[in-house]
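>>> take a look and give me a structure for this.
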Amino acid sequence: MRKAADRIRHAISFELIGLALVTPLGALAFGMPIADIGVVAIAGATLATMWNYIYNFGFDHLMQRLTGSTRKSVGIRVAHAVMFEVGLLLALLPMIAWYLGVNIIQALMMDVSFALFYMVYAFVFNWAYDRVFPLPDWQPAAQASQS
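As a prediction, this is how the structure comes out:
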């Protein structure tokens, strides 16, 4: 199980790298000022950082209880990313519509676009994070899978 400091490092690095990618891409994709997308991205990242910590803590505890391990298969990683993004999407939708002055359908399309980006990004980031910072009980399996 990951310790609090590791979870905080994970959440902060995830959001900082994500912001550096999504802000210019979002401004370009939606034809909006980078500052407006930046505000939405920063507010979203702040909410997502809190959600990330709470969600991953609960997810790992549930996995530990159900399977005896926190090791995630590809299928579990996909489900993990989808469930995370659905929860975040519901929380961000009203804020996007209000701040950008768009209707709820436009906000939903933007929110879904952000969610799709972050779903792929979360999958790749978490996989890379687990390889760079594996838990001690993963070491023998990690070495065997690299052979």
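>>> skipping adjacent residues, who's closest to residue 30 in space?
Using Cβ to Cβ, 6 or more residues apart in numbering and skipping the chain neighbours, the partner closest in space to residue 30 is residue 110 (6.2 Å). The way it works is simple: take the backbone N, C-alpha and C, and place the C-beta from them, glycine included.
>>> what helix or strand is the one you found on?
According to DSSP states H and E, residue 110 maps onto helix 104-132.
>>> sorry, back to before: isn't the residue nearest to residue 30 right up against residue 95?
No: applying Cβ atoms under 8 Å as the test, residue 110 and residue 95 come out as separate, 11.0 Å apart.
>>> more neighbours: these two, which one.
Higher neighbour count among residue 110 and residue 95: residue 110, with 22 against 16, using other Cβ atoms under 10 Å.
>>> tell me the pLDDT of that one.
Residue 110 is assigned 94 on the pLDDT scale.
>>> please apply the same query to residue 147.
pLDDT, read off for residue 147, is 49.
>>> what about this protein, any weak spots by pLDDT?
Counting by pLDDT under 70, the chain shows low-confidence ranges at 139-147.
>>> and the helix holding residue 110, what other elements does it pack with?
Other elements packing on helix 104-132 under the criterion 3 or more Cβ pairs under 8 Å, 6 or more residues apart in numbering; DSSP states H and E are helix 4-30, helix 74-100.
>>> so which of the ones you listed gets nearest residue 138?
helix 4-30 (13.0 Å; Cβ to Cβ).
>>> and the next element down the chain from the closest one?
Past helix 4-30, the next helix or strand by DSSP H and E is helix 34-67.
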